[in-house]
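Colleague: Generate a structure from the sequence data that follows.
(4 chains)
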Protein chains: 2
Amino acid sequence: MQRLSKQRELVYFIVKQTNTHPTAEEVYQIARKSMPNISLGTVYRNLRQLSAEGRIREVQFGSAPDRFDGMLNIHEHFICTRCGGVSDIAPTLINPTLPGKIVSTYRLDYFGVCETCTSKKC
Amino acid sequence: MQRLSKQRELVYFIVKQTNTHPTAEEVYQIARKSMPNISLGTVYRNLRQLSAEGRIREVQFGSAPDRFDGMLNIHEHFICTRCGGVSDIAPTLINPTLPGKIVSTYRLDYFGVCETCTSKKC
DNA sequence: CTTATTGCAAAGGCTTTGCAGGATT
DNA sequence: AATCCTGCAAAGCCTTTGCAATAAG
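Modeller: Okay, here's the model as predicted:
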């Protein structure tokens, strides 16, 4: 049976209230501020467990470290190829089906340049 | 300047003619059949270099090892959640744009159960 | 009291890299 | 000859795991 641990709830709230799709390391650094001797291993364990339970979601972008997302409703992502930022996008795919196949879900990532980077001409 | 090496061309042809989106390890195993002392490091180096040049493409599915794709034209993927197979899908996304953002490309993965796994009721 | 969870550190998997020898131009 | 590329092995990065101690129910 599952127990309620301070560490897990902390990890959960961090992912939930951070909209930047943090990596495990980032969650760890934030967590340490309020719980200095939480360990990286515990953060990883809880991220994995929370994902398995569906309380958060795991997303990968490129071969970089895994990121975690507290947004559970169906959404898509926009990845800025200049600043690397990841933002959530409301669903644009109207009818996610394919002939002859059973489609249960999909993942749609758009790549491009975000508003901020477009205005800064860096 | 770049030179023509037997190893790189072998890696290239393997990715090009294998439509299963092989991992580096799989490319390595295939390569060894015709070039027994090619090294894994060389396979990795060449996969990376070929991707950088745009001769092949790198794709990631989940946190599993990276996979490589010889199909260069725009296409989408269907990942069978039962057998793990990855197949190419002709573009279904009609208009890959987002208001206020410059979209240069996108990636669309469908997840579900493929025809084979649907018929086998395993 | 029972056992899920933790912190720590070691191990694991995949990938990259330093090096000296070999291949290509 | 110049230097790109290779094989090998070691190192690197991210993540998982074994263990004894701790905490939750």
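
Colleague: mind showing which ranges of chain A have poor pLDDT?
Modeller: By pLDDT under 70, the weakly predicted segments of chain A are A:62-63, A:121-122.

Colleague: which helix of it spans the most residues?
Modeller: If you go by DSSP state H, chain A has its longest helix at helix A:40-53.

Colleague: For DNA strand D, tell me whether the next helix or strand after that one is touching it.
Modeller: Sequence-wise, the next helix or strand downstream of helix A:40-53 (DSSP states H and E) is strand A:57-59. No: with Cβ under 7 Å from any atom of the strand as the measure, strand A:57-59 is seen stopping short of DNA strand D, the closest distance being 8.8 Å. To be clear about C-beta, it is placed using only N, CA and C from the backbone, and glycine gets the same treatment.

Colleague: where along chain A do the helices fall?
Modeller: So, for chain A - with DSSP H - the helices run A:6-17, A:24-34, A:40-53, A:115-119.

Colleague: Let me have those helices in JSON lines, adding mean neighbour count and distance to DNA strand D as columns.
Modeller: Putting the helices of chain A into JSON lines (neighbours: other Cβ atoms under 10 Å in any protein chain shown; distance: least, Cβ to the nearest atom of the strand, whole Å) gives the following:
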{"stretch": "helix A:6-17", "mean neighbour count": "18", "distance to DNA strand D": "5"}
{"stretch": "helix A:24-34", "mean neighbour count": "17", "distance to DNA strand D": "4"}
{"stretch": "helix A:40-53", "mean neighbour count": "17", "distance to DNA strand D": "3"}
{"stretch": "helix A:115-119", "mean neighbour count": "13", "distance to DNA strand D": "23"}
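
Colleague: thinking again about what came up before, where's the longest helix of chain A relative to the chain centroid, distance-wise?
Modeller: 13 Å (Cα atoms, centre = their mean, to the nearest Å).

Colleague: Now do it against helix A:24-34, angle only.
Modeller: On the basis of axes from the mean of the first three to the mean of the last three Cα atoms, to 10 degrees, helix A:40-53 is oriented at 110 degrees to helix A:24-34.

Colleague: Identify the residues contacting the spatially most distant residue from the centre of chain A.
Modeller: Distance from the centre of chain A peaks at A:G100, with 31.0 Å (Cα atoms, centre = their mean). By Cβ atoms under 8 Å, 6 or more residues apart in numbering or on different chains, the contact list for A:G100 reads B:E115.

Colleague: Who does the nearest residue to A:V103 once chain neighbours are set aside form a beta bridge with?
Modeller: In space, and not counting its chain neighbours, A:V103 is closest to B:G112: 4.2 Å by Cβ to Cβ, 6 or more residues apart in numbering or on different chains. Beta-bridge partners for B:G112, by DSSP bridges, are A:V103, B:C80.

Colleague: Provide a list of residues in contact with B:G112.
Modeller: By Cβ under 8 Å, 6+ apart, the contact list for B:G112 reads A:L98, A:K101, A:I102, A:V103, A:S104, A:T105, B:F78, B:I79, B:C80, B:T81.
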